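K.L.:
pasting the sequence and the predicted model now:
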Amino acid sequence: MVNYLVNKLASWPARPRSVRWLFWGGLSALVTVARGVVAPEASIDFNRDIRPVLSENCIRCHGPDEENRKGGEKGQGGMRLDTRAGALALLDDHRAIVPGSPEESELYLRVMTSDENDLMPPLKTGKTLTDAQKALLKKWIAQGAPYAEHWSYVPPVRPGVPSVSQAAWPANPIDHFVLNRLDQEKLAPSPKADRATLARRVSLDLTGLPATPAEVKQFLADSAPNAYERLVDRLLAQNTFGEHWARLWLDQARYADSAGYADDPLRMIWAYRDYLIRSFNSNKPFDQFTVEQLAGDLLPHPTEDQLIATAFHRNTTTNSEGGTIDEEFRNMAVVDRVNTTMTVWMGSTMACAQCHTHKYDPFTQKDYFRLFAILNNTADADRQDEAPVLPLFTSERKAQRQQMATELAALEKTLSTRTPALLAAQPEWEAAFARPLGWQTLAPTELKSQAGAAIVTAPDGVITVARKGETDIYTFTGAVEAQAMTALRLETFPSDLPPPPGPVSNAGEFVITRIRAALIPAGAHEVKGRYVRVELPGQAQALSLQEVEVFSNGDNVAPMGAASQSSTVGEAVAKLAIDGLMPSKAPAKILATLTEATANPWWELDLKNLQAVERLVVWSPAAGNGVSPLAGAQVTLFDENRGVVWRTTVSPAPTARLELAVSAVQPLTFITAHADVTQDGFWPWSVLNTKVGRNQGWAVGGQSGRPHTIVLLPEFPVVVPAGAQLTVMIEQLSKKKNHTLPKLRLATTANQHAIEVTRALGPVVEALKVPAAVRTPADREIATAYYMTYAPALAATRGQLQTITKRLELIEPYTTVPIMSELAGVKMRETHIQRRGNYLDLGAAVTPGLPGALHPLPALAQPNRLGLAQWIVDSKNPLTSRVIANLFWESIFGLGLVRTTEDFGSQGDLPSHPELLDWLAVEFRESHWDVKHLLRLMVTSSTYQQSAQISEAALARDSANQLLARGPRFRLSAEMIRDQTLAVSGLLSQKMYGAPVHPPQPKLGVSAAFGTGLDWQTSEGEDRYRRGVYTAWRRSNPYPSMSTFDAPSREVCLVRRERSNTPLQALVTLNDPVYIEAAQSLARRMAVVSGSPAEKLAHGFALVLLRAPKPPEQKALLALYAKSQERFARDAAQALAVATNPLGAAPAQMNVADLAAWTVVGNVLFNLDEFLMKP
Amino acid sequence: MGLGAIALSSLLGRNAFAAPAVATNPLAARLPHFAPKAKRIIYLHLTGSPPNLDLFDYKPELVKRDGQDCPDDFIKGKKFAFTAGKPKLMGSPRTFAQYGRSGHWMSDAIPHLHTVADDLCIIHSMNTDQFNHAPAELLLLTGSPRAGRPSLGSWVTYGLGTENQNLPGFVVLISSGVQPNGGKNSYGSGFLPSVFQGVQCRSKGDPVLYAADPAGFTRDLRRDSLDALQELNELQASALGHPETRTRIAQYELAYRMQMSVPEVMDISRETPATIAAYGAQPGESSFANNCLLARRLVEQGVRFVQLFDWGWDFHGTSELEDIRGGLTKKCNTMDRPVAALINDLRQRGVLEDTLIVLGGEFGRTPFREGRTSAGEILGRDHYPDCYTMILAGGGIKGGLSYGETDELGFNITRDKVHVHDLQATLLNQLGFDHERLTFKFEGRNYRLTDVHGSVVKGILS
């Protein structure tokens, strides 16, 4: 190891010196400093000259944040320099500024002092003022220290178009502003770029793809004076336009196909991406585009598209790591929404105000949380299922659904029409209703307690349990009469025993978390197993499974087990078969397991303990040839000692889904449950739900001193065969400890009126008790209305309704998309100021509202999301039109007119061309927010059409091209580099929209933390060659080649991408199989051209760069071709690899060595600086 | 315009002392704020967080009270990932003894680390704000629990550049086949230019993505291609005069050299059998041991920040692998020997004093038994943010020092709290940076690794 630093220490600079203005400052400062001095007579412009100095050096400690403001005696509120009143205020015995008298102004004295203790800014901040800055401050104070409002908070007014030195140069007003500025700087614009260059430039800018040779040809042949404008219009009309501009907005929206955090599960939200493409292509006015995304759901009668648009704010990350608090991460999502909204539309860094009043900009912490309150009222809550989501149906299925809805409406009408015949039958129904249900007590012969409690039964069927253990599961089994069972009843009784010592609260209280029941037909018995094994006998067999479900008492318990298999191919690991994703449920591609082709491959599931299993469902990958690939497979259930308890051999079947009955035990499904008493939040029906867990259940809260009943209803009467036994499991697994039943009784009934009797609520029961003749009109209505829902004559109609309803539910959406949905009424959330941004440390409550320093809410707008959106696009908003015009400007010209695209506040840069920015902002707004119009203005300007050639002098003068004395030239984005390569090689698919695709990426062999593998199965067919905008975006592992070219991971909104230039990028375009494949494809396009190598080269070169090679270029490339060809002619294997791997076999008539040599040439073309740059 | 003039200007603006070379190469070596004590960091992150109470923080009183109800005072108002109600205290089932002249208490799970006890600075008083893995890891490594901030290694590379232009400046090595909890964010560059992000190098497959030439592209063929490419790019550079074209030409040459140098440095079979054995490494495999040896090879070649991630330290006790008895022994066997070997190796080569090694997880683990498994046989602990242990060695840190203290049950810090922001400030300090001045302007604010917190832990500096 070297002592390199020690050597360098010798030349240590004495003290850091700020050189910020040379590189970062607003252009005026750049030019000023570059010239050395400020013209002595020039008057000071506060925003241009003074604010940046104060903002950079003073305002952090002497700004709006009163809690942390410094200066003066403690408790006086400190010295304030961001407002004139503050600066002029008397503090102790001095004022920061005495207008006209620098020598009496504390500010000036403190920046000039030689006393290190008094010096401002303090030494420890590492900041120092330059002599020029000190001189500026002095002059400003001498001139009276005028302040001005920060430029971006003053609404833009359309400025007059300035005059210029060359009247012929401007093509539109943009050019007047640019040339006027160049005139002032004594610079001249560059000549116009040549037509081919222009065609490539404007095509890349508008569509993200190079113009095709045909388009270039058409353009070059078009001699009309407006040929270029016509080209622009053709490009603006292409569908590729929307695909390109959607990308920009996906970065703003932090769009990804996964949810983020440790396990980063996949998320289905691509319908939002398609919405963006459609919106840009249809040139949706930007104000409408804004309102739809922020508040589409709050518009009157929102369309499907307007709902999809609200996914903008559902792109926030959600954390489903085990043990997380949903509210914490929901809160984080709202914080992100506040910050993103303000950054994207208003270039304002609101984020600082989450913890304290903004140190630079006029946002208080209260402002922050009033805005937070607006966004804090949506239904999403960091849930794993992403609820609420909107299902989307194909037009065919939409029609089907519409048809069914019509049928349902007709049926409902029939069901609600009280015909005389129906009314005549009511007394008969009432008579049956009045009869008792005939409950038959279950006399269990087998009584079990999981906790081992002692149980006794009395002759009347009452079961007493000597409660033991904190939780318990009671299992009772007994004979039931052969008949149809229509309801199961559980009666609970208070304990006879005195309450046990200890907390009284749970003396008689109980919580039933679940009730399950099953019929065991005579002769049938429960089968219990621990291991499920699928084995495919034979030589060289590969076993592949999509899913294995193991049902125990009606639940699929497979996902709780652990899977293994004999061998694994790639990422097709065993656990994919127990991930709970069923092919019928998930429209996205379901991954399957796969073993290597060996003798007798197997897959096995360990359920972790012995469990009753009644059936298995095995899903295999699609049975293409009509025969299940599992035919002949052996499926076995083993006990804990690996003894076979059940086994079957799969017979040939045409379906992917195989259902295998393990035992004749028949779990019962109940559709609802009713109880006499319910504690709030502990609803009776929660005993039916597998997902309730330990937090809920049925309870009677404080009324346990008397008996209660809960009745469970199956959807259809259960046919009970002779000799069958009924098993009932009562789970009491609540988090509330010791809440188990002391006494209970079970009963069943076969009465066909069980449902209607059970479901009848108090008023119905009371009404029916009164003889029909003497009922009040109100009671008569209650009775008849209830009768109508059960009228026997309508049974068939009700059945039809049910069938259609079920069929309707079975129609599957082609995708779903998470959306925003506003909470109403009691569900609305109250928002408080969060101290230091901590969601658990709440301060005062706040009402929804907008920052006080900016314009008010438009008339008639409400302080909700819709109001926020209207406020953002309101004509009084000083920021939105500027910020968005600047965003598009940056995309086209490479550098914003405000370089800090994301920050228009006092810490951001000043605009280089303030009047041009204001003109564009007003033009954009007054053109009804017409995006294509704005872009057309930019690309048809003479400014845009300049050559990008640059002289040494120009480079020294304005290296960043902020003065726009030449054409814009910068590196293409990650997506454009990919798309362009595929396009010119002829591989690019033109397919639009749909689920994200998986182009080839290197196998990484790693998983997300707690999550699934990050590798994917490469898409097949044209999906392998789709545009980058469709590539699946996994946040924990963005597509590697694109992230190397500065594509973000999209956890948070990114307004402006970097454009780095690194060796790792060279490795991508040189070696990534995607680029090799493209070179191979390009080689085939070159090789088929008849003629000399020079002609073939010219063809390929023109495809790639839309121009002919210059002689030295041609010479170098032909030399490379010849030398490579010679090499490949000697080595056929090498030639084959270079020409065909990975693209595939070469067409028969083609010479492989020749193709290989052209592949090498193509690979060079794809790495040319010119190819990677916008020309 | 090269890296993006904006990023560069910001870098220059913030770090005005930077060498002029930066203007053309963002990775050019640069000097920090002041003379550093350490020139490089090897950061060994034990993803999931090992149980401090079973390794380094000996609590005899906790052993005495094993099985008792957890005192209310300790858990009131606190939230745990998987534990609710009243958990039971759990003394460590492991055997502890004192080692070295310093008398560090250490458990029997880490026998090799016993032998280097006097090199270790054991901080018992670490604490964090987060108790879920991903946010805690992001807070530790990026200064914020939300994704999107630059990682420690990125800040260091932004500040120092890289010494060896043929290798990435910030290398990430991952064992156990799982990404860190924060995904790529844990070594990402956040809003810093992407040249400063960690580059994952792999001991299996392509050492750096796309470093291998495609099938059939031999080296001499590649050379010919690059020569032609350079010729055309030179023509372009002269025709248009854009400096970025020249940068690109240089980057292609660097890529070409990197294709050679990365596989070379990643090839541990070039080490002596004795060295390989000392680490317990196995050439061709992917393991923590291999990565420790690779880390040494990388820093030897001038890489300034090597970040290791090793998955599998989340000892909840939900499976035998997560049992703090047998499971912990097994897991420690993969870490203990290579870490001790790394310390010895660096010392023997005379570079331990200016190489800072950091070892630890993203938070601590509870002194009580994890709630979900309280009825089972397997012993595990839940996540615990209020106190935990981290180990530092070399790089100007006092070896043999035991810093900070927790109470007798390991619930609270009783002396010398070290927050993760303090640790970050200290690591930067050792590399010669004032953590308050290593900043980057983004969205109108000067961001830094330590956010608005952190102070250097002076007590552990040698």
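P.N.:
On my side now, so go ahead.

K.L.:
and the residue nearest to A:Glu103 when sequence neighbours are not counted, what's its pLDDT?
P.N.:
Spatial nearest neighbour of A:Glu103, excluding adjacent residues (Cβ to Cβ, 6 or more residues apart in numbering or on different chains): A:Leu109 at 7.4 Å. No exception for glycine: its C-beta is placed from N, CA and C like everyone else's. Here the pLDDT value assigned to A:Leu109 is 88.

K.L.:
ok, A:Leu109 touching A:Val98?
P.N.:
No: judged on Cβ atoms under 8 Å, A:Leu109 makes no contact with A:Val98 at a distance of 10.4 Å.

K.L.:
these two: who's more crowded?
P.N.:
A:Val98 (18 against 15; other Cβ atoms under 10 Å in any protein chain shown).

K.L.:
can you get me a residue count around A:Thr341?
P.N.:
Quick note: A:Thr341 (other Cβ under 10 Å) scores 25 neighbours.

K.L.:
model confidence score at it, please.
P.N.:
So A:Thr341 comes in at 97 (pLDDT).

K.L.:
next: A:Pro16.
P.N.:
At A:Pro16, pLDDT is 33.

K.L.:
on that earlier part again, distance of the residue nearest to A:Glu103 from A:Met120?
P.N.:
Distance of A:Leu109 to A:Met120, computed by Cβ to Cβ, to the nearest Å: 9 Å.

K.L.:
and what of A:Gln732?
P.N.:
According to Cβ to Cβ, A:Gln732 and A:Met120 sit 70 Å apart.

K.L.:
for chain A, what helix or strand is lowest in average pLDDT?
P.N.:
Sorted by mean pLDDT, DSSP states H and E, the helices and strands of chain A end with helix A:20-23, the least confident at a mean of 27.

K.L.:
tell me which stretches of the stretch 351-500 of chain A form strands.
P.N.:
Applying DSSP state E, counting those that start in this stretch to the stretch 351-500 of chain A gives strands spanning A:389-392, A:440-441, A:446-449, A:454-457, A:463-466, A:472-479, A:484-485, A:487-493.

K.L.:
between the ones you listed, which one is nearest to A:Val757?
P.N.:
Nearest of the strands of the stretch 351-500 of chain A to A:Val757, taken as Cβ to Cβ: strand A:487-493 at 8.7 Å.

K.L.:
packing partners for the closest one?
P.N.:
Judged by 3 or more Cβ pairs under 8 Å, 6 or more residues apart in numbering or on different chains; DSSP states H and E, strand A:487-493 is in contact with strand A:514-520, strand A:708-714, strand A:725-732, strand A:743-749, helix A:754-759.

K.L.:
which one's the longest strand in chain A?
P.N.:
strand A:602-612 (DSSP state E).

K.L.:
chain center to stretch A:798-807, what's the gap?
P.N.:
For stretch A:798-807, the distance from its own C-alpha centre to the chain's C-alpha centre is 36 Å (Cα atoms, centre = their mean, to the nearest Å).

K.L.:
got the contact list for it?
P.N.:
Around stretch A:798-807, the neighbours that count as contacts under Cβ atoms under 8 Å, 6 or more residues apart in numbering or on different chains are A:Met404, A:Glu407, A:Leu408, A:Leu411, A:Glu412, A:Leu415.

K.L.:
now with 6 Å?
P.N.:
Here stretch A:798-807 makes contact (Cβ atoms under 6 Å, 6 or more residues apart in numbering or on different chains) with A:Met404, A:Glu407, A:Leu408, A:Leu411.

K.L.:
any idea how far chain B is from the last one?
P.N.:
Between A:Leu411 and chain B the computed distance is 48 Å (Cβ to the nearest Cβ, to the nearest Å).

K.L.:
find the nearest non-adjacent residue to that residue, please.
P.N.:
Distance criterion Cβ to Cβ, 6+ apart; nearest residue to A:Leu411, sequence neighbours excluded, is A:Leu801 at 4.6 Å.

K.L.:
the one you found - how many residues pack around it?
P.N.:
Burial of A:Leu801 is recorded as 18 neighbouring residues (other Cβ under 10 Å).

K.L.:
so it, which state does it fall into?
P.N.:
Secondary structure for A:Leu801, judged by DSSP: H, G, I helix; E, B strand; the rest coil, is helix.

K.L.:
go on, A:Glu526?
P.N.:
Using three-state DSSP, the structure places A:Glu526 in coil.

K.L.:
does it really touch A:Ala612, like I thought?
P.N.:
Yes: with contact defined as Cβ atoms under 6 Å, A:Glu526 counts as touching A:Ala612 (4.8 Å).

K.L.:
how about the residues of the stretch 801-950 of chain A near chain B?
P.N.:
Contacts of the stretch 801-950 of chain A with chain B, taken as Cβ under 6 Å from any Cβ of the partner chain, map to A:Glu902, A:Asp903, A:Gly905, A:Gln907, A:Gly908, A:Gln949, A:Ile950.

K.L.:
among these, which are in strands?
P.N.:
Using DSSP E, no member of these falls within strands.

K.L.:
lowest-confidence entry in these?
P.N.:
Among these, A:Gln907 has the weakest pLDDT, 76.

K.L.:
for the residue most central in space within chain A, give me its contacts.
P.N.:
The residue lying closest to the centre of chain A (Cα atoms, centre = their mean) is A:Asn315, at 2.8 Å. Applying Cβ under 6 Å, 6+ apart to A:Asn315 gives the contacts A:Ala253, A:Arg254, A:Tyr255.
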